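I would like to see how this sequence folds:
(2 chains)
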Amino acid sequence: MFAHYRLRRGLDIPLKGEADRLTVPVEPSAEYAIKPTDFQHIIPKLLCKENDRVLIGTPLFSDKNRPNLLFTSPVSGRVSAIVRGDKRRLLEIRILPDNTDTAVTFPTAAPEELPREQIVDLLLQSGLWPYIIQRPYGLIARPEDTPKALFISCFNSAPLAPDYDFVFADRQEQLEMGLRVIERLCPGNIHLGLSHNTSAHSVFKRLKAHIHIFRGPHPAGNVGVQIHHVCPVGKGQVVWTLSPMGLAAIGHLFLTGMYDNSRMVALTGSACLRPQYVLCRQGLQLSALQEYAAPREEEVRYVSGDPLTGDNAGPSGFLGFYHQQVTFLPEGNTRELFGWARPLRFKKFSAARTYLSYLSTRFGKTFRFDLNTNTNGGVRAFVMTGEYRKVLPMDIFVSFLLKAILAGDIDKMEALGIYEVIPEDLALCEFVCSSKVEIQQILQDGIDLMIKEMQ
Amino acid sequence: MKGIKKFTFLRSTIDAFDAFLRVPDTVTRKGSHIRDCNDLKRVMIVVVIALIPCLLFGMYNTGLQHYLASGTGAGLPGFWQIFWYGFLKVLPLVIVSYVVGLGIEFTVAQIRGHEVNEGYLVTGMLIPLIMPVTVPLWMLALAVAFAVIIGKEIFGGTGMNIWNPALLARAFLFFSYPSHMSGDDVWTDGFSGATPLAGLSEGTSWEGMASWRDMFLGFIPGSVGETSVPCILLGAALLLYTGVASWKIMASCVAGAGIICLLTGQPLHYHLVMGGFAFGCVFMATDPVTSPQTESGKWVYGLLTGAMTLIIRLYNPGYPEGMMLSILLMNTFTPLIDHYVVSINMKRRIKRTAGHGQ
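Got it, this is the predicted structure:
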């Protein structure tokens, strides 16, 4: 039996530039990279040097506190550069590909025949373990924990997000194998969140697990929102999450013994010339996608990820470890005369009713907006109330949580639900905020403080 | 902005005027790359627009009351003449309110080096509307300064204040210069006419007062913007449609008054149109900064505000107008109300997650 959840609060931002359902391969980029900054709260310890020869699956660095947590190379070739930032912080490990796709082979067997420890070891060694993220805090899961559940959200409701039914249509075998593997990690407690719109032919409907069907606007597809409704996380509890991409990669490992470096990436955004899907490898340099950026008057921002939570990677940046989407957005560094004072602003979208553009959401996909990166106003103190609640289908008082974080009050943060949210869950609150508060950053600071204080 | 380098010490003032005309070119750095185009300037301007019917009617009514009071029975002058008289009386109040208030806001922003907050756009319009038209301008200026400095800036500016600044301005005058503000001697300009509320507190019977229809339409003496219920309802419609003000607070405020009326046998329909009830309920009680942030808190706050207004009106003959005091009192209790609502949420959260224990 499927459990159904109807979420009424949320917002689907009507953006231009949804990817067409067609896939083309993309030319390999000059360099590939893995970025330690993609992973929360790890201290990278290098395991390679420049000019080392690496294969797909060769460990490049590990976490200083957990030496068995390895991060492996997405391509075969030569380590071309180790890029460091301020205070010698490790930013990127770049690899010059030899385009032979030679991979390390890991010894595998049917997951049912392996003890849990061996499966964990295999995932750690192959570099696939970082796909498993824990709640609270959104950190890479700790293998020694026993999670009370493992959640996989099988749809992405973020603006312009890739359609997982399309992306994973021909990866059923890998998904099924992946499920058999994680079943060994968290027996009997695998939960899949499906969309109300998931078609009956969807590959996800054939998977065997606890299925929960969510209906409603973004952030219904966020795994944090789904956990909140099915199995909320409290103090001392741990829930693991995994993306379908990670699930397929784990399946691929157990089917072939090799690290899966393929990515189907949705190219989206109003500054994207041909929004569509491309087949590439993990860690792609975004300059390889330059032909997809529309020639516009404004500069184009290359975002690895979706427009609400992605990273501003820039054209010479790299596709993030967890990302399956690249969004091209026009920069908004221009000045609009009488912006806020205009009765109507047809080219801008607002979810608030102080403009009439909110009406556009009533007409399905007829009206789409070309939003740029302008903040549309200066940062102010919290003034309006009830804004965040309208876009967050969770029983959490966002403004009080944020104030507790700003005040550094650990007890209050705990009581107000910091265990249940990570920045992506509050991304929409940040979008609608009329005071332009940087909510995701504040929440991340709060999470950092919790981790520091709880050690 | 490069051409006016020598005025760098006026940076935030120049920036404020510049940002007023053109949306700044700041782009998102962290977090969400795109942002909603709604900002506080837009929110505030919607409230100012919602106040315009009240302002225009207030001007007309000021003239009307003048000619009614000084009338010799020879009939009233034409509409425009009445309006023009009121316009000349009310406009100085608006100008003084904005010049003094914005002057302080700009100075404070300058000293602190932050951007000028737009909250005063609304406060500056509210203050003249809740003053008797005869208030001396120096008194108004003093009240505005008190409200902005003591009521808002010492707390940290818009968004941090505890009490509604506009009401604080009125309360300041009410307690500092009671002879000018008691409300029963508002129209000293050649005539003094008791406002209905003053009549009520002096025990005048309902029959002896202005008719319900006059009080509803607003052709009665009173503060500039608070008399006409149709104009207030127009403003309310805009605020509710745009979602800038909370319908929960408005509805529960009326309900709170209704409960006291039921208990005491008072006619609710009179109380809703008398004095500042309608104006306070629509424009003052709904101030998002000084009213609760939680949705259930808004219900409690509104109910208590409405009820307290009636209680003050009925049982405290010293202060005929209960709306101002009751909103200020409930503003004080807003953090407490929110505290309880949030505590309930915290307990619910513990229960919920415990139910799914490991």
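
okay, CA-based contacts and neighbour counts for the rest of this
Will do.

what is the burial count for A:Glu31?
A:Glu31: 25 surrounding residues under other C-alpha atoms under 10 Å in any protein chain shown.

can you tell me the closest non-neighbouring residue to it?
In this structure, A:Glu31 finds its nearest non-sequential neighbour in A:Leu96, 4.9 Å apart by C-alpha to C-alpha, 6 or more residues apart in numbering or on different chains.

now swap in A:Glu424 and tell me
Here the residue nearest A:Glu424, using C-alpha to C-alpha, 6+ apart, is A:Thr309, at 5.9 Å.

show me which parts of the host helix or strand of the residue nearest to A:Glu31 are buried, residue by residue.
According to DSSP states H and E, A:Leu96 maps onto strand A:90-97. Neighbour-count burial for strand A:90-97 flags A:90-97 (criterion: 16 or more other C-alpha atoms under 10 Å in any protein chain shown).

so what's the residue nearest to A:Glu31 up against?
Residues in contact with A:Leu96 (C-alpha atoms under 8 Å, 6 or more residues apart in numbering or on different chains) are A:30-32, A:77-80.

dig out what it forms beta bridges with.
A:Arg78 (DSSP bridges).

measure it to A:Pro25 for me?
A:Leu96 is 19 Å from A:Pro25, where distance means C-alpha to C-alpha, to the nearest Å.

and if you look at B:Arg22?
44 Å.

cool, and A:Val300?
Relative to A:Pro25, and taking C-alpha to C-alpha, A:Val300 is found at 23 Å.

before we move on, back to that, save the contacts of A:Leu96 as TSV, and put in pLDDT too.
Formatted as TSV, the contacts of A:Leu96 follow (pLDDT from 0 to 100):
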residue	pLDDT
A:Ala30	92
A:Glu31	94
A:Tyr32	95
A:Gly77	95
A:Arg78	95
A:Val79	96
A:Ser80	95
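
is it fair to say the residue nearest to A:Glu424 lies in a helix?
No: going by DSSP: H, G, I helix; E, B strand; the rest coil, the assignment for A:Thr309 is coil, not a helix.

tell me, how many residues neighbour it?
22.

using JSON lines, lay out the contacts of A:Leu96 together with distance to B:Ala257.
Converted to JSON lines, the contacts of A:Leu96 look like this (distance: C-alpha to C-alpha, whole Å):
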{"residue": "A:Ala30", "distance to B:Ala257": "73"}
{"residue": "A:Glu31", "distance to B:Ala257": "71"}
{"residue": "A:Tyr32", "distance to B:Ala257": "69"}
{"residue": "A:Gly77", "distance to B:Ala257": "77"}
{"residue": "A:Arg78", "distance to B:Ala257": "78"}
{"residue": "A:Val79", "distance to B:Ala257": "75"}
{"residue": "A:Ser80", "distance to B:Ala257": "75"}
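
any of those buried? List them.
A:31-32, A:77-80.

of the residues you listed, closest to B:Gly157?
A:Tyr32 (49.2 Å; C-alpha to C-alpha).

what sits against the closest one?
A:74-75, A:94-97, A:282-285, A:318.

how about TSV for the residues you listed, with pLDDT added?
Below are those laid out as TSV (pLDDT from 0 to 100):
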residue	pLDDT
A:Pro74	95
A:Val75	95
A:Arg94	96
A:Ile95	96
A:Leu96	96
A:Pro97	94
A:Gln282	94
A:Gly283	94
A:Leu284	95
A:Gln285	95
A:Phe318	96
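
in TSV: those, plus distance to A:Glu176.
Shown next, in TSV, are these (distance: C-alpha to C-alpha, whole Å):
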residue	distance to A:Glu176
A:Pro74	23
A:Val75	25
A:Arg94	33
A:Ile95	32
A:Leu96	33
A:Pro97	31
A:Gln282	22
A:Gly283	25
A:Leu284	27
A:Gln285	31
A:Phe318	30
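
which one of those residues is nearest to chain B?
Chain B has its nearest neighbour among the contacts of A:Tyr32 in A:Phe318, at 17.3 Å by C-alpha to the nearest C-alpha.

tally of neighbours for the closest one?
28.

need the contact list for it.
Neighbours of A:Phe318 in contact, by C-alpha under 8 Å, 6+ apart: A:32-34, A:283-286, A:304.

just grab the bridge partners of it for me.
Going by DSSP bridges, A:Phe318 forms beta bridges with A:Gln285.

how much space separates it from A:Ser243?
Counting by C-alpha to C-alpha, the gap from A:Phe318 to A:Ser243 is 20 Å.

export the buried ones among the contacts of A:Leu96 to JSON lines and tack on distance to A:His252?
Output for the buried ones among the contacts of A:Leu96, formatted as JSON lines (distance: C-alpha to C-alpha, whole Å):
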{"residue": "A:Glu31", "distance to A:His252": "24"}
{"residue": "A:Tyr32", "distance to A:His252": "21"}
{"residue": "A:Gly77", "distance to A:His252": "21"}
{"residue": "A:Arg78", "distance to A:His252": "24"}
{"residue": "A:Val79", "distance to A:His252": "25"}
{"residue": "A:Ser80", "distance to A:His252": "28"}
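
A:Gly10: which of these is nearest?
A:Tyr32 (36.3 Å).

does chain B have contacts with the worst-scoring helix or strand of chain A on mean pLDDT?
Ranked by mean pLDDT, DSSP states H and E, the weakest helix or strand in chain A is strand A:336-337, scoring a mean of 75. Yes: for strand A:336-337, a contact with chain B is found by C-alpha under 8 Å from any C-alpha of the partner chain, at A:336-337.

and the next element down the chain from that strand?
helix A:387-390.

off-centre distance for that following helix?
22 Å (C-alpha atoms, centre = their mean, to the nearest Å).

pLDDT (mean, whole number) over it?
The average pLDDT within helix A:387-390 is 93.

extract the CA atoms of it and return them as CSV.
Extracted as CSV, the C-alpha positions of helix A:387-390 are listed here (Å, rounded to 0.1, in the frame of the first residue of the first chain):
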residue,chain,number,x,y,z
GLU,A,387,5.9,34.7,4.5
TYR,A,388,8.1,31.6,5.3
ARG,A,389,5.2,29.5,6.5
LYS,A,390,3.5,29.8,3.1
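
distance from the chain centre to whichever helix or strand comes after that helix, please.
Helices and strands here follow DSSP H and E; after helix A:387-390, the next one along the chain is helix A:398-407. Its chain's average C-alpha position is 24 Å from that of helix A:398-407, according to C-alpha atoms, centre = their mean.

go on, stretch B:335-348?
Per C-alpha atoms, centre = their mean, the centroid offset for stretch B:335-348 relative to its chain is 27 Å.

do any residues in it lie close to chain A?
Yes: contact of stretch B:335-348 with chain A (C-alpha under 8 Å from any C-alpha) involves B:342, B:345-346.

how close does the residue nearest the centre of chain B sit to B:Ala237?
Nearest residue to the geometric centre of chain B (C-alpha atoms, centre = their mean): B:Met284, 3.8 Å. As judged by C-alpha to C-alpha, B:Met284 and B:Ala237 stand 15 Å apart.
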